[in-house]
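*Asks:* starting from these lines, generate the structure:
(2 chains)
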Amino acid sequence: MEGTVLTALLEVLQPQNILASMVGVFFGLFIGSTPGLTISLGMVLLLPLTFKLSAVTSICLMLGLYAAGMTGGSISAILLNIPGTPSASATAIDGHEMTKHGRAGEALGVAVVSSFFGGIFGLSCLVLAAPLIARVALNFGAPELFAIVLLGLTLICSFGSESTIKGLISGIIGLIIMTVGLDPMMGTPRFTFNSVNLQAGISFLPAMIGLFAIPQILVGIAGKVQVIPEYKSKISGVLPKIRNLVKLIKSMLIGSLVGTGIGAIPGAGGPIAVFLSYDYSRKASRRSDGYGKGEPEGVAAPEAANNAVAGGALIPMLTLGIPGDPVTAILLGALLIHGLIPGPLLFQQAPQFVYSVFWAYLIANFMNLLLTFSTIKLWVKVLKVPERVLLPIILILCVVGTFALRNTFFDAGIMFGFGLLGYLMKKYGFPIVPMLLAIILGPKLEEHLRMSLIISQGDYSIFVTHPISLAFIIISIFSFIMPLIKPLWQKKKVLP
Amino acid sequence: MKTANIVIAGLLLIFGSYYAFLTTRLPTRNLPNTLGVDFMPWVLVGCLLILSVLLLLTAVFRKPRERFDPKISYKEVGGIIFLTIFVYAYVQVMHLFGFVWVTPFFMAVLMIMTGSRKWKEIVVFSVVSPLVIYVFFQKIFQVILPGGTYF
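*Replies:* Numbering: from 1, shown residues only, chains lettered A, B, ... in the order given. Model (predicted):
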């Protein structure tokens, strides 16, 4: 095992991988600090570039983006009160108050160090928990694997939207889209309308690019471009003093714990984690009165949380093949492109790659810390790049990125179709992440379901007689019913 | 919002029925102890129809709790139509002349549509960005960009 860990480290330390990590961090800081551009969008734009790269180089690039995107989001949140990413929303509360009081540099410094702390904490949990979970999951058969995928899907459908029904409909439509193409068990064409292009099914990459990028461009064209105010003051004192940081350890620890925990729950995501950690940190603080008025602890907790979410979200993705958030769903897609199937078998079949992921994430966090501190003034200038320039570049990248997948424009059409669908879905309150996840996980769900029923000779009780499968199915049903009955229960509680 | 959800539920019911119709036309194979290719589609038909009915019922009988603006403005419709034509034309022209020659023109049009009015900004970005993309994709990452019939 030591040999594998060391070989993985040596591989990650190859110049091209270090460079990839650096590029990823730079791109992540750009995406994160630019309001309106999300980490998911950055990931899908970067994905086509990884086609010709090795799996390790690709993961270095993407993890660099993931880690830095979270940190980058805090820059515009602190300076302009406009969170660069949804996960930086809570940072803006105290971060921007600090800016108003002329402490912008200090707030940025606290944000960067807390992000690093959260990132390393999340990674430690990943390193400790992932092999153990994978070892247990190795004993899973088809019924258990079916139940896990079902659980991942229902959790994301239930928690990811205001309306559970809409979340589930989004997931079901994703599964319906997944049935287009050759049947995974018998190879019979389904819903292909005699089109050769549809026989291979609908690839998740054009779907991902379309769902995340096109709605944003449409919003821009419809004249709803966000006007970003200019930040004119000088920034100084970014490097925080050790004695000040020591005072923030408690908040960082709270943020990291909450972030990792929430991140590991599929569908919960960063925005929930940052507000929860902010709240817990405020309750546990001696200086709770200062929260909302420019308290550094109010920056430290959510910033540690949003970077710890990444480590947490990687746990179910790597061990069970269930992504914790949209970014890890795209990361899962990136691994599938390289022929790597995340799940317990990955730890057995490609242990070196798994350790490479751990090392790559560690290096990404260090790179993030160093590059953010050394280039922070550059990112303040990036805030000035207008959306009217960015949106056309994004559209061009979307078209060429989807073309690059199979060198055919058919995928560009699919991408655009998904883009329109995504726009309408967002407009009418349907979350897009369940659909995306269903497209990625759908084939696995069907395969495990049908395999289980073949094993049991068509007897459905196989899902109930296997205890682990039963437990996951019960949690799935609970996660589905809970949001439906919760309002009724809350209403009753209010009554005298 | 209520009306929008009722219309959406209706559309989903129609789509579900059409999907069910397509599922009935799938080939069936009677191999022992195996499920047919239509098994999963039928499960999905059932789920979609149930959820559509639930959406309809909640829209009719429950007070709306969601926050979304169901109205689509003329600007949005115009944006959708413009972008559809734009992407179609871009792909067709790129088919003939390739990425490098076509992209600057389309980029300039798109910049104007998203609100750029400074001609210097339009010229610089529409020329430089495709070149940067070309260098990154084709030269550094060796990802093939669309080539045209003539160039």
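
*Asks:* give me the pLDDT for the residue nearest the centre of chain B.
*Replies:* Compute the mean C-alpha point of chain B, and by Cα atoms, centre = their mean the closest residue is B:Thr84, 9.4 Å away. Listed pLDDT for B:Thr84 reads 91.

*Asks:* show me what contacts A:Leu61?
*Replies:* A:Leu61 makes contact with A:20-21, A:23-24, A:46, A:49-50, A:53 under the criterion Cβ atoms under 8 Å, 6 or more residues apart in numbering or on different chains. C-betas here are computed from N, CA, C, even on glycine.

*Asks:* just to revisit the earlier point, so who does the residue nearest to the centre of chain B touch?
*Replies:* Here B:Thr84 is in contact with A:416, A:420 (criterion: Cβ under 8 Å, 6+ apart).

*Asks:* and it, what element?
*Replies:* Counting by DSSP states H and E, the element that carries B:Thr84 is helix B:74-97.

*Asks:* name the next helix or strand downstream of that helix, please.
*Replies:* Heading C-terminal from helix B:74-97 (DSSP H and E), you reach helix B:99-113.

*Asks:* ok and that following helix relative to helix B:74-97, angle-wise?
*Replies:* Here helix B:99-113 points in a direction 170 degrees away from that of helix B:74-97 (axes from the mean of the first three to the mean of the last three Cα atoms, to 10 degrees).

*Asks:* which helices and strands does the following helix or strand past helix B:99-113 pack with?
*Replies:* Using DSSP H and E, the helix or strand that follows helix B:99-113 towards the C-terminus is helix B:119-134. Here helix B:119-134 touches helix A:387-406, helix B:99-113, going by 3 or more Cβ pairs under 8 Å, 6 or more residues apart in numbering or on different chains; DSSP states H and E.

*Asks:* still on that earlier bit, ok, the contacts of A:Leu61 vs chain B, which is closest?
*Replies:* A:Leu49 (4.7 Å; Cβ to the nearest Cβ).

*Asks:* contacting residues for that closest one?
*Replies:* A:Leu49 makes contact with A:61, B:136-137, B:141, B:143 under the criterion Cβ under 8 Å, 6+ apart.

*Asks:* any stretches of chain B with poor pLDDT?
*Replies:* B:29-34, B:64-68, B:150-151 (pLDDT under 70).

*Asks:* show me how it divides into domains.
*Replies:* Per the record, chain B has its domains at B:2-61, B:74-140, by automatic domain parsing.

*Asks:* distance to A:Ile254 added to the ones you listed, as a markdown table?
*Replies:* Below are the domains of chain B laid out as a markdown table (distance: least, Cβ to Cβ, whole Å):
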| stretch | distance to A:Ile254 |
| --- | --- |
| domain B:2-61 | 38 |
| domain B:74-140 | 41 |
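
*Asks:* helices or strands next to the longest helix along chain A in the packing?
*Replies:* The residue-count maximum for a helix in chain A (DSSP state H) belongs to helix A:104-137. Other helices and strands packing on helix A:104-137, by 3+ Cβ pairs under 8 Å, 6+ apart, are helix A:55-80, helix A:89-100, helix A:242-264, helix A:297-320, helix A:344-349, helix A:351-382.

*Asks:* roughly how far is that helix from the heart of the chain?
*Replies:* In terms of Cα atoms, centre = their mean, to the nearest Å, the centre of helix A:104-137 is set 14 Å apart from its chain centre.

*Asks:* okay, the angle between whichever helix or strand comes after that helix and helix A:104-137?
*Replies:* Remark: after helix A:104-137, the chain's next helix or strand is helix A:142-159, criterion DSSP H and E. Going by the same axes, to 10 degrees, helix A:142-159 is angled at 150 degrees with respect to helix A:104-137.

*Asks:* what is the rounded mean pLDDT of helix A:142-159?
*Replies:* Rounded mean pLDDT across helix A:142-159 is 82.

*Asks:* and that helix, anywhere near chain B?
*Replies:* No. Counting by Cβ under 8 Å from any Cβ of the partner chain, chain B is not contacted by helix A:142-159; separation bottoms out at 10.1 Å.

*Asks:* same check on stretch A:394-406?
*Replies:* Yes. For a cut-off given as Cβ under 8 Å from any Cβ, stretch A:394-406 has contacts with chain B, namely A:395-397, A:399-400, A:403-404.

*Asks:* nearest spatial neighbour of residue 56, chain-adjacent residues omitted?
*Replies:* Chain wasn't specified; assuming chain A. Closest residue to A:Val56 apart from its sequence neighbours, by Cβ to Cβ, 6 or more residues apart in numbering or on different chains: A:Ser356 at 4.8 Å.

*Asks:* wrong one, I was asking about chain B
*Replies:* Per Cβ to Cβ, 6+ apart, closest to B:Leu56 is B:Ala9, 3.7 Å.

*Asks:* in which helix or strand would I find the one you found?
*Replies:* B:Ala9 belongs to helix B:2-24 when elements are defined using DSSP H and E.

*Asks:* what's near enough to touch the spatially most central residue of chain A?
*Replies:* What sits nearest the mean C-alpha location of chain A, by Cα atoms, centre = their mean, is A:Val327, with 2.5 Å. Residues counted as contacts of A:Val327 (Cβ under 8 Å, 6+ apart) are A:39-40, A:43, A:66, A:69, A:310, A:313.

*Asks:* closest one of the residues you listed to chain B?
*Replies:* Distance to chain B, by Cβ to the nearest Cβ, is smallest for A:Met43 among the contacts of A:Val327, at 15.6 Å.

*Asks:* my guess is that closest one meets A:Met62, correct?
*Replies:* Yes. Counting by Cβ atoms under 8 Å, A:Met43 touches A:Met62, with 6.3 Å between them.

*Asks:* anything in contact with each of the two?
*Replies:* Taking Cβ under 8 Å, 6+ apart as the contact rule, the neighbours common to A:Met43 and A:Met62 are A:330-331, A:334.

*Asks:* in the helix holding B:Ala9, what's buried?
*Replies:* Residues of helix B:2-24 classed as buried by neighbour count (16 or more other Cβ atoms under 10 Å in any protein chain shown): B:4-5, B:8-9, B:12-13, B:16, B:19-20, B:22-23.

*Asks:* wasn't the residue nearest to the centre of chain A part of a helix?
*Replies:* Yes. Counting by DSSP: H, G, I helix; E, B strand; the rest coil, A:Val327 is part of a helix.

*Asks:* can you tell me how far it sits from A:Gly312?
*Replies:* Distance, A:Val327 to A:Gly312, using Cβ to Cβ, to the nearest Å: 12 Å.

*Asks:* pLDDT averaged over the longest helix of chain A, what's the number?
*Replies:* Mean per-residue pLDDT for helix A:104-137: 90.

*Asks:* could you give the angle of it to helix A:89-100?
*Replies:* Helix A:104-137 and helix A:89-100 are oriented at 160 degrees to each other (the same axes, to 10 degrees).

*Asks:* what's the local residue count around the closest residue to chain B within the stretch 251-400 of chain A?
*Replies:* At 3.8 Å from chain B, A:Pro392 is the closest residue in the stretch 251-400 of chain A, using Cβ to the nearest Cβ. Counted by other Cβ atoms under 10 Å in any protein chain shown, the residues lying close to A:Pro392 total 28.

*Asks:* and the helix or strand harbouring A:Ala412, anywhere near chain B?
*Replies:* Per DSSP H and E: A:Ala412 is located in helix A:410-427. Yes. Helix A:410-427 is in contact with chain B by Cβ under 8 Å from any Cβ, via A:412-413, A:416, A:420, A:423, A:427.

*Asks:* many thanks, I have nothing further to ask.
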